[in-house]
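Undergrad: 3D, please:
(chains A and B)
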Amino acid sequence: MPPLIEFDRVTITAQDKTLLADISFTLNTGEKAAFHGKSGAGKSTVLKALLGLHTISQGKILFNGQPLTAPVIQTIRHDAIYISQEPILAAQTVQEALLLPFQFKAHSPHKPSRQRLVEMLARLDLPAHVLEQQTGCISGGEKQRVALARGLLMGKSLYLLDEVTSALDADSKQAVYNVCFQTETTLLSVAYDPEWLARCDTIYTLQQGQLVGIQHDYP
Amino acid sequence: MTTLDIEPPQMAVLYALALLPLGLLQVIGLKLSRDILTSLLRMTVQLGLVGIYLKTLFALNDPALNSLWVLVMLVVADFSILKRAGLSRRHFFLTTFAAIAFSTVFVTLYLMVLVIQTPHFYDARYLVPLAGMVLGNCLQSTVIALERFYSSLRKNEQEYLTYLLLGATRWEAVRPYFLESIKAALSPTIASMSTMGLVSLPGMMTGQILGGSEPWLAVKYQIAIMVGIFTCTTLACLLSLKLSLNKAFNELDILKINKNSP
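TA: Predicted coordinates for the structure are as follows:
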């Protein structure tokens, strides 16, 4: 069986700048991996490339053994949760933000009940009254967890997460770890958080777009 | 009742009227004289040429020639829309042309054949002014619709991508910006219809009354033209936006056009 994700000597350039240079790695179903490195090293580019948000200059990306064509990218977008460092909730209230995907035809048959929204928030250490709050008035950490809750409500199994614990306190981080590191979840992430890295199976270190280190047992 | 002619000496008196604002602007130190004089000259030459064209067009009343006139108006309008909306001709010339051509021709023929019931569907005396008025208004609105839509999409690109990554189709993801732009484009026409006759007497109606028509007839024509303008504007905005979508995005639904690219 092919790996779920395979980067084969991938180079990505944009506006004469090399974002990724000759990157190769694989990720199997259920595996948890993280990219770390300094700001501008190309970590977020790895996640965005999978979603078709960057054009590949050289090399290839395979998903379930298939090259990254438009229909395959649509499948990845459909199967994955992607949360950026500063997630956009794109709604007035938290409840509207959580229900946003269910306005679209792809998810509309599975619109969750209010009870389910409350349960999902509780799993991420957020109280029920957050539902009525304006998204412009909640903290960065709350935004990250609401975005994660929205992804979880869609019932996806591939998580592409970009520093989702960067604005969280210890209790909230614990709740996020519990949700993201379940056995069935496949996780490709960008992280600085040592505890997050310690929970991952593989850690890739990027430096100026190049893969300079692979660790399988983070201390 | 015939319209009183404006003889050449009276035309001179008319131009003299413009000296009043020119003088006042000079007094307050606003240096606009050159622009104003250029505009007055351009207007005079352009309208003079239109007078010559129209006289010939009305005299010949040839269906092919009349259609060619409408075609020229449509092409000029298309260039003007794309330039003012800051969109590339390479990507959008055909889609915008199809949208405004269908809307203008459909509405103009509807008014001429079914409403006014002109002797011939190509009658220059009706075709040229009706198509001109309908297209002129539709041009303004189409500029607003296209400009607002693409600038809004560029400004909210991250939000648009969020919709896509949450499972929206391209159409579902652009829909909020689509609706917002259509609303902005139609607002002036809707406002104009609701205040018509209260704030000002519309130009066409005034023209008809000055031309000797009964006020009631002028009112009916004005209503016809306003309904025509509203219909044409709505059709042109919807069609130009919808048809442009296939040209503006790549196969991964990423916006591929840049502002003001040729």
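Undergrad: contacts, neighbours, all on C-alpha from now
TA: Fine.
Undergrad: SS state for the residue of the stretch 1-150 of chain B found nearest chain A?
TA: In the stretch 1-150 of chain B, the residue found nearest to chain A is residue B:149; the distance is 17.4 Å by Cα to the nearest Cα. Assigned with DSSP: H, G, I helix; E, B strand; the rest coil, residue B:149 falls in the helix class.
Undergrad: for it, which non-adjacent residue is closest in space?
TA: residue B:181 (5.3 Å; Cα to Cα, 6 or more residues apart in numbering or on different chains).
Undergrad: coming back round to it: any idea of the pLDDT on the residue of the stretch 1-150 of chain B closest to chain A?
TA: Residue B:149 carries a pLDDT value of 97.
Undergrad: same deal with residue B:207?
TA: For residue B:207, the pLDDT comes out at 83.
Undergrad: what helix or strand does it sit in?
TA: helix B:203-210 (DSSP states H and E).
Undergrad: next helix or strand past that helix?
TA: With DSSP H and E, the next secondary element past helix B:203-210 is helix B:215-248.
Undergrad: close to chain A, is that following helix?
TA: No. On the criterion Cα under 8 Å from any Cα of the partner chain, helix B:215-248 is out of touch with chain A, staying 15.1 Å away.
Undergrad: in the stretch 51-200 of chain B, which spans are helices?
TA: In the stretch 51-200 of chain B, the segments counted as helices under DSSP state H, counting those that start in this stretch are B:63-85, B:89-109, B:124-155, B:157-165, B:170-195.
Undergrad: which other helices and strands does the third one contact?
TA: Counting by 3 or more Cα pairs under 8 Å, 6 or more residues apart in numbering or on different chains; DSSP states H and E, the packing neighbours recorded for helix B:124-155 are helix B:33-60, helix B:63-85, helix B:89-109, helix B:170-195, helix B:215-248.
Undergrad: and that helix, which residues are buried?
TA: For helix B:124-155, the buried set under the neighbour-count rule, 16 or more other Cα atoms under 10 Å in any protein chain shown, comprises B:124-128, B:130-154.
Undergrad: likewise for the shortest one?
TA: Buried residues in helix B:157-165, defined by neighbour count with 16+ other Cα under 10 Å: B:159-165.
Undergrad: dump those to TSV, plus pLDDT.
TA: TSV is the format used below for these (pLDDT from 0 to 100):
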residue	pLDDT
B:159	93
B:160	95
B:161	93
B:162	93
B:163	94
B:164	92
B:165	91
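Undergrad: what's in contact with the lowest-mean-pLDDT helix or strand in chain B?
TA: Ranked by mean pLDDT, DSSP states H and E, the helix or strand of chain B with the weakest confidence is helix B:203-210, at a mean of 82. If you take Cα atoms under 8 Å, 6 or more residues apart in numbering or on different chains as the criterion, helix B:203-210 is touched by B:3, B:215, B:218-219, B:221-222.
Undergrad: go on, stretch B:44-63?
TA: B:65-66, B:122-125.
Undergrad: distance between the helix or strand hosting residue B:13 and the chain's centre?
TA: Residue B:13 belongs to helix B:8-17 when assigned by DSSP H and E. Averaging C-alpha positions (Cα atoms, centre = their mean, to the nearest Å) puts helix B:8-17 30 Å from its chain's average.
Undergrad: and it, average pLDDT?
TA: On average, helix B:8-17 scores 94.
Undergrad: remind me what the helix or strand just after that helix packs against, helices and strands.
TA: Scanning forward in sequence from helix B:8-17 by DSSP H and E, the next helix or strand is helix B:19-27. If you count contacts as 3+ Cα pairs under 8 Å, 6+ apart, helix B:19-27 packs onto helix B:33-60.
Undergrad: mind listing what's buried in the helix it packs on?
TA: B:54, B:57.
Undergrad: that one vs helix B:63-85, what angle?
TA: Interaxial angle of helix B:33-60 relative to helix B:63-85 (axes from the mean of the first three to the mean of the last three Cα atoms, to 10 degrees): 160 degrees.
Undergrad: how far does helix B:33-60 sit from the chain's center?
TA: With Cα atoms, centre = their mean as the basis, the mean position of helix B:33-60 lies at 18 Å from the chain mean.
Undergrad: and that helix, what's its mean pLDDT?
TA: Averaged across helix B:33-60, the pLDDT comes to 92.
Undergrad: can you check stretch A:100-114 too?
TA: Per-region confidence: stretch A:100-114 scores 93 on mean pLDDT.
Undergrad: now do the buried residues in that stretch.
TA: Here stretch A:100-114 shows A:100-104, A:107, A:111 as buried, counting by 16+ other Cα under 10 Å.
Undergrad: what's the angle from the single longest helix found in chain A to helix B:157-165?
TA: In chain A, assigned by DSSP state H, the helix with the most residues is helix A:140-153. Angle of helix A:140-153 versus helix B:157-165, following the same axes, to 10 degrees, is 30 degrees.
Undergrad: quick one: strands adjacent to the next helix or strand after helix A:140-153?
TA: Per DSSP H and E, the first helix or strand lying C-terminal to helix A:140-153 is strand A:158-162. Paired strands of strand A:158-162, with direction, are strand A:80-83 (parallel), strand A:186-190 (parallel) (DSSP bridges).
Undergrad: return the residues in contact with residue B:162.
TA: Contacts for residue B:162 (Cα under 8 Å, 6+ apart) come out as A:88, A:90.
Undergrad: next: residue A:203.
TA: Taking Cα under 8 Å, 6+ apart, we find residue A:203 in contact with A:33-36, A:197, A:213-216, A:218.
Undergrad: next one: residue A:212
TA: Listed by Cα under 8 Å, 6+ apart, the contact set of residue A:212 reads A:204-206.
Undergrad: apply 7 Å and report the result again.
TA: Residue A:212 is in contact with A:205-206, counting by Cα atoms under 7 Å, 6 or more residues apart in numbering or on different chains.
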